[in-house]
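In: Sharing a sequence plus its predicted fold:
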Amino acid sequence: MSRALRILVAVLMLFGGAASLLAAENAPLARGTAITDPDVLHKVDQHDALTISRLLWPERNADFPLTSDLMFSSLSQLKPILPAIDAEFDRYVAQHKAASPTETTGIGEGFDVQLFDRAVLKSPNTRFVLAGIVNRMDRAYVSEDSCGEIRLIYRLARFETGPDGSKSATRLPMTLNLVMKARDARQTDQSGKQITCAEVARRWLDNGDWQGLIGSQLSPYDAMLDRIETNIQISIAPKSALHDFRSDYLLKVFKYDVATKQFEESTLENEIDRDRILADDALRREFKAWLLAPENLREFDRGTVLIPERFLAKAAIARTPAGFDASDMQPEFGMMQGEGKDENKTEPVFTDDDVVGALMQAAARGIDMQNIRSVPGFQRRLNDITCSGCHQIRSIGGFHFPGVDWLADKPSTIVPASPHFFGDQLRRRDILTAFADGKRPDFSRGFASRPQTRGSRELAGTEYQDGWGAHCYLQDPGSGSTDKSFTSWTCAKGLACQAASASSRIGMCFIKTR
């Protein structure tokens, strides 16, 4: 039994009530697919069971919290991370100054654009605390051998001691996701049999078998590491004469390299490099041909497409609130026909005829499109398939999982995750159940704004689907037709779909008004 596994078993023995606590969560939709209970997470974090030091340096006797200054200097695996983040900050500041030379930029309230203080990442007073554990076996289509992923989500926090000896803790706007493979294909149980995806899924669905959180064994340990994802609120711009309130979030990914034993800077999955593609005619043509090919368009429709790295970016800025109207704040803006008013701008990647022709070709081959049935549907998927586009939709600021603040007596965040996260849990549980039953899961997903209908009965009448605050589609009585991509986006009885912007057909469900 590996050292990391022994730690998990000890946690199970110490917190035997974890299963009952999990069952009593305020968010029952996540039961069996995520651990969000702040009390459970607090206890685990306090006993070093799933701290970053234990997981990334298993041989270390980490009997104390690992502060940020030690973490990035002592853990050799993490050394490439801070220089890569610093380079993105410098690039972001330079671009902003070039675009808005009259606005001041710096750390603190005296600036027009207030930057995240990178000094906290080298401070002895900050560390990452466990904010959530999420099962992502719904991503097993990326690598079937690993059965998907398990994500350990950490939130940066500052710990201070006052002159009177009082102690306080404040969460900071940064998360770090340590993404582990759900299993190593070479793993075996105590009887020598290979650990199956079905076994991992059953342990999660049993709600409380901590040995199932990161597979059933973690040896050889390096084989379980996949990547680190960071999300930093890079800046806040208060409302001014130039713009409304805005907050930008920097997204980065660092893939674990077994050979170098380091997390190396990597591209973000499906984060299309819009500016680079638009600036390169050959790359534009290549991307269009690749995405509109019937076999790729099918996976794009189902949300399981894996866009080749040559089209992707190594960083993304998610700008919030992005709103409902098409704008330069959205990652695909300018790639579709008719976006933007600059007569000298480059040609779009996709025309309406391109998309319609590709849909007709797919239909001729017998491909049933589940979500993309129109040009607007294609455009919406092109946004929400990206990391930054997804983080702009139904998130809490730019985070989909900030976690409940268990450091505070009265936390300001009372829900652990965004509406998009909770709306997707039934789909994820459906996939876990299929795995547990030995069936082939349906990995497809709907748009980020609206859950798939596979959980319609449980979600009906809620903010996730049909209820107050749900996203809906504004029918156009005068046109005599509806957009087939969004015909199911309706409101429950007594509610009406009301416009959220002047030009978008996507609105929100509210009580009918006369």
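Out: Thanks, I have it. Numbering: from 1, shown residues only.
In: just checking, K512 touches L495?
Out: Yes: here K512 reaches L495: they are 6.7 Å apart, a contact under Cβ atoms under 8 Å. Just so you know, the C-beta spots here come from the backbone N, C-alpha and C atoms, and that holds for glycine as well.
In: Low-confidence regions, the stretch 101-250 of the chain specifically.
Out: Counting by pLDDT under 70, the stretch 101-250 of the chain contains low-confidence ranges at 207-221.
In: Spell out the residue ranges of the helices in it.
Out: With helices called from DSSP state H, counting those that start in this stretch, the stretch 101-250 of the chain shows them at 197-205.
In: Output the lowest mean pLDDT helix or strand found in the protein.
Out: Within the chain, no helix or strand scores below helix 18-23, which has a mean of 33 by mean pLDDT, DSSP states H and E.
In: still on that earlier bit, K512 and L495: who's more crowded?
Out: L495 (20 against 12; other Cβ atoms under 10 Å).
In: what about the more buried one, distance to W489?
Out: Shown here: L495 relative to W489, a distance of 12 Å by Cβ to Cβ, to the nearest Å.
In: L292 too?
Out: From L292 across to W489, the span is 25 Å (Cβ to Cβ).
In: Then V113?
Out: According to Cβ to Cβ, V113 and W489 sit 36 Å apart.
In: Looking at the two, which one has more neighbours?
Out: W489 (24 against 21).
In: Just give the nearest non-adjacent residue to that one, would you?
Out: Nearest residue to W489, sequence neighbours excluded (Cβ to Cβ, 6 or more residues apart in numbering): Y473, at 3.9 Å.
In: list the contacts for the one you found?
Out: Going by Cβ atoms under 8 Å, 6 or more residues apart in numbering, Y473 touches T482, D483, F486, T487, W489, T490, C497, R505, I506, G507.
In: Okay, and which of these map to strands?
Out: Of the contacts of Y473, the ones assigned to strands by DSSP state E are C497, I506, G507.
In: Any quick PyMOL command for the buried ones out of those residues?
Out: Selection of the buried residues among these in PyMOL, burial being defined by 16 or more other Cβ atoms under 10 Å:
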select buried, resi 497+506+507
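In: quick one: which of the ones in strands among the contacts of Y473 is nearest to I107?
Out: Within those, the smallest distance to I107 is 36.6 Å, found for I506 (Cβ to Cβ).
In: Show me what that closest one is bridged to.
Out: Counting by DSSP bridges, I506 forms beta bridges with Y473.
In: Quick check: the gap between it and S449.
Out: In this view, I506 and S449 are 7 Å apart by Cβ to Cβ.
In: Now do the shared contacts for the two.
Out: H471.
In: who touches the spatially most central residue of the chain in this structure?
Out: Within the chain, one residue has its C-alpha closest to the average C-alpha position: by Cα atoms, centre = their mean, that is H400, at 5.9 Å. The contact partners of H400, taken as Cβ under 8 Å, 6+ apart, are C390, H391, A417, S418, H420, F421.
In: Adding pLDDT, write those residues out as CSV.
Out: Converted to CSV, the contacts of H400 look like this (pLDDT from 0 to 100):
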residue, pLDDT
C390, 95
H391, 95
A417, 93
S418, 94
H420, 94
F421, 95
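In: which one among these gets closest to D248?
Out: Closest to D248, out of all of the contacts of H400 and judged by Cβ to Cβ, is H391, at 10.8 Å.
In: so the closest one makes contact with G397?
Out: No: with contact defined as Cβ under 8 Å, H391 does not reach G397; the gap is 9.0 Å.
In: shared neighbours, those two?
Out: Both H391 and G397 are in contact with Y249, T320, where contact means Cβ under 8 Å, 6+ apart.
In: Compare these two (neighbour count), which wins?
Out: H391 (27 against 18).
In: Just list the residues touching the more buried one, thanks.
Out: Counting by Cβ under 8 Å, 6+ apart, H391 touches N231, Y249, L251, A318, T320, G398, F399, H400.
In: 10 Å - rerun?
Out: 231, 249, 251, 316-320, 322, 331, 384, 397-400, 418, 420, 448 (Cβ atoms under 10 Å, 6 or more residues apart in numbering).
In: same deal with Q337?
Out: For Q337, the contacting residues are E347, P348, V349, F350, T351, D352, D353, D354, V355, V375, Q379, by Cβ under 10 Å, 6+ apart.
In: With I236 instead?
Out: So I236 contacts E109, F111, V113, Q114, L115, F116, P173, F245, R246, S247, D248, G397 (Cβ under 10 Å, 6+ apart).
In: Just the buried residues of those.
Out: By neighbour count, with 16+ other Cβ under 10 Å, these hold F111, V113, Q114, L115, F116, P173, R246, S247, D248, G397 as buried.
In: Now the phi/psi pair for the first one, please.
Out: Torsion angles at F111 (phi, psi; degrees, to the nearest 10) stand at phi -110, psi 150.
In: what's the spacing between it and P101?
Out: F111 is 14 Å from P101, by Cβ to Cβ.
In: Over to the fifth one?
Out: According to Cβ to Cβ, F116 stands 22 Å off from P101.
In: again, but for the fourth one
Out: L115 sits 17 Å away from P101 when distances are taken as Cβ to Cβ.
In: dump the residue contacts of the closest residue to K484 other than its chain neighbours.
Out: Once flanking residues are discounted, K484 sits nearest to R373: 3.8 Å by Cβ to Cβ, 6+ apart. Residues in contact with R373 (Cβ under 10 Å, 6+ apart) are D301, L359, A363, D483, K484, S485, F486, T487.
In: Need the pLDDT of F15.
Out: Confidence at F15, expressed as pLDDT, is 34.
In: Which residue of this protein lies farthest from its centroid?
Out: D164 (40.7 Å).
In: quick one, phi/psi of that one?
Out: Here is the backbone geometry of D164 (degrees, to the nearest 10): phi -90, psi 10.
In: so who does T170 touch?
Out: The contact partners of T170, taken as Cβ under 10 Å, 6+ apart, are T126, L156, A157, R158, F159, E160, D405, L407, A408.
In: what's the neighbour count on the fifth one?
Out: For F159, the tally of surrounding residues (other Cβ under 10 Å) stands at 17.
In: My guess is it contacts V129. True?
Out: Yes: F159 lies in contact with V129 (Cβ atoms under 10 Å); the separation is 9.5 Å.
In: Drop anything exposed from the contacts of R373.
Out: Neighbour counting by 16+ other Cβ under 10 Å classes D301, L359, D483, S485, F486 among those as buried.
In: State the pLDDT value of the last one.
Out: Right, F486. pLDDT, F486: 94.
In: residue boundaries of the strands in the stretch 301-450 of the chain?
Out: Along the stretch 301-450 of the chain, the stretches classed as strands by DSSP state E, counting those that start in this stretch are 316-320.
In: Same question for the stretch 51-200 of the chain.
Out: Under the criterion DSSP E, counting those that start in this stretch, the stretch 51-200 of the chain carries strands at the ranges 105-106, 113-115, 126-136, 149-161, 167-181.
In: Quick one: those as TSV, columns for distance to P308 too.
Out: Below are the strands of the stretch 51-200 of the chain laid out as TSV (distance: least, Cβ to Cβ, whole Å):
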stretch	distance to P308
strand 105-106	35
strand 113-115	33
strand 126-136	22
strand 149-161	20
strand 167-181	20
